[in-house]
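K.L.:
task: produce atomic coordinates for the following.
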Amino acid sequence: MTRTRRPEALIALALLAPFLLTYAVLFVWPTAQLVALTFTKAPLIGAGDWVGFGNYERLWKDRLFWTATWNTLYFVLLTVIPSTLLGLAIALGVNRLKGWAQSLMLAAFFLPYILPVSVVYRIWSWLLDGEFGLLQVPIAALMGENVPVFRVIPLFIPTVALVTVWWLVGFNVLLFIAGLRNISAEIYEAAALDGATRGQMFRRITWPLIWPITVLVATIQLILQLKIFDQIYLFAQGGRTDATLSMVGLIYRSAFQKNQGGYGATVALVLFLLIVAVSVLQYQLLRARGQR
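P.N.:
Predicted coordinates for the structure are as follows:
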């Protein structure tokens with residue numbers, strides 16, 4: 001038995017070796033270098049002086065870091081849950097359609113997702129332009145005057161969150177549609193024969209069976225939105241960028257604009273640990289909720 005298992009183990013290691021080597025070179029080694037860089041006062045490229053925990057002390061006292069952290073978490077709150085629930089609601093509606101109507105609606109909701117962020121920025125900056133934007137007509141009717149939403153600080157993050165949900169919800173719809181199609185129609189037919197209403201079918205059949213997809217969508221969106229940068233950077237051009245800065249934006253400013261590689265690496269490490277902690281916590285909570 002031992003002699004048989006030994007060649008199998010060697011074959012398994014040989015098959016895993018390319019992946020493990022690639023993983024070590026592309027992830028483990030750069031991560032170790034990043035951690036080491038946080039203890040130095042280094043430029044973006046090149047060695048720097050050892051400062052110990054100096055970068056972490058500076059991070060703790062940096063008002064801009066806490067502003068960027070709050071903006072990032074606030075953005076996550078405004079996007080992850082709404083985009084997940086909206087994606088599920090749209091998928092339930094699209095799944096009821098048949099034939100070309102279903103294909104057309106699915107394509108309509110998925111089309112924004114394939115657009116690059118620069119195109120999304122152009123579309124919405126034009127629609128919400130403070131002077132001639134088409135959406136300023138209903139805004140003016142409601143507020144009494146045009147409102148340049150991307151220049152008003154309290155409205156900036158919610159507006160960018162709204163644009164982001166519009167942009168990415170099609171991906172969530174696609175995942176939910178795939179999950180709904182895996183639910184056998186015979187289950188619904190049996191429930192209908194027993195006199196179950198649509199609401200009861202959703203609560204007792206659809207929701208429990210679609211829950212793993214919901215966990216997947218929410219986790220993907222959480223990781224994606226914690227790394228928000230492109231939309232905020234583009235829409236904040238010419239505005240008060242300090243008040244709208246995200247954590248990735250702070251990394252970009254520190255490392256690439258101010259050439260403070262050590263401090264930028266420190267912010268990046270904190271963001272990495274935050275993503276890991278929040279993602280694992282959310283996944284475990286959602287999975288535990290689904291197992292009840």
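K.L.:
what comes up buried for stretch 125-139?
P.N.:
Buried residues in stretch 125-139, counted by 16 or more other Cβ atoms under 10 Å: 128, 129, 133, 136, 139. Glycine gets a C-beta too; all of them are placed from N, C-alpha and C.
K.L.:
quick check: the farthest pair among those?
P.N.:
Using Cβ to Cβ, these span at most 11.0 Å, a distance reached by 129 and 139.
K.L.:
from the buried residues of stretch 125-139, which land in helices?
P.N.:
Counting by DSSP state H, these place 136, 139 in helices.
K.L.:
closest one to residue 226 out of the buried residues of stretch 125-139, please.
P.N.:
residue 128 (25.0 Å).
K.L.:
residue 159 versus that closest one, what's the distance?
P.N.:
7 Å (Cβ to Cβ, to the nearest Å).
K.L.:
how about the strands of this protein, start to end?
P.N.:
Applying DSSP state E to the chain gives strands spanning 40-41, 49-50.
K.L.:
closest to residue 194 out of the ones you listed?
P.N.:
strand 40-41 (67.8 Å).
K.L.:
check which helices and strands the closest one sits against.
P.N.:
Secondary-structure packing of strand 40-41 (3 or more Cβ pairs under 8 Å, 6 or more residues apart in numbering; DSSP states H and E): strand 49-50, helix 261-290.
K.L.:
neighbouring contacts of the shortest one?
P.N.:
Outside strand 49-50, the residues within contact range by Cβ atoms under 8 Å, 6 or more residues apart in numbering are 39, 40, 41, 42.
K.L.:
try it again at 7 Å.
P.N.:
39, 40, 41 (Cβ atoms under 7 Å, 6 or more residues apart in numbering).
K.L.:
most surrounded residue in those residues?
P.N.:
residue 40 (20 neighbours; other Cβ atoms under 10 Å).
K.L.:
specify the beta-bridge partners of it.
P.N.:
residue 50 (DSSP bridges).
K.L.:
circling back: which one among the buried residues of stretch 125-139 gets closest to residue 14?
P.N.:
Using Cβ to Cβ, the buried residues of stretch 125-139 come closest to residue 14 at residue 128, 56.9 Å.
K.L.:
wait, doesn't that closest one sit right on residue 135?
P.N.:
Yes. Counting by Cβ atoms under 7 Å, residue 135 is a contact partner of residue 128 at 5.4 Å.
K.L.:
so which residue is dead centre in this structure?
P.N.:
With distances taken as Cα atoms, centre = their mean, residue 224 lies nearest the centre of the chain, 2.2 Å away.
K.L.:
could you find the closest non-adjacent residue to that one?
P.N.:
Residue nearest to residue 224 in three dimensions, not counting chain neighbours: residue 168, with 7.5 Å by Cβ to Cβ, 6 or more residues apart in numbering.
K.L.:
what's the pLDDT at the one you found?
P.N.:
At residue 168, the model reports a pLDDT of 93.
K.L.:
wait, residue 247 sits on residue 66?
P.N.:
No. Taking contacts as Cβ under 7 Å, residue 247 lies outside contact range of residue 66: 10.4 Å.
K.L.:
the two - which one has more neighbours?
P.N.:
Per other Cβ under 10 Å, whichever of residue 247 and residue 66 has more neighbours is residue 247, with 26 against 12.
K.L.:
which ones are touching that one?
P.N.:
Contacts of residue 247 (Cβ under 7 Å, 6+ apart): 68, 69, 72, 267, 271.
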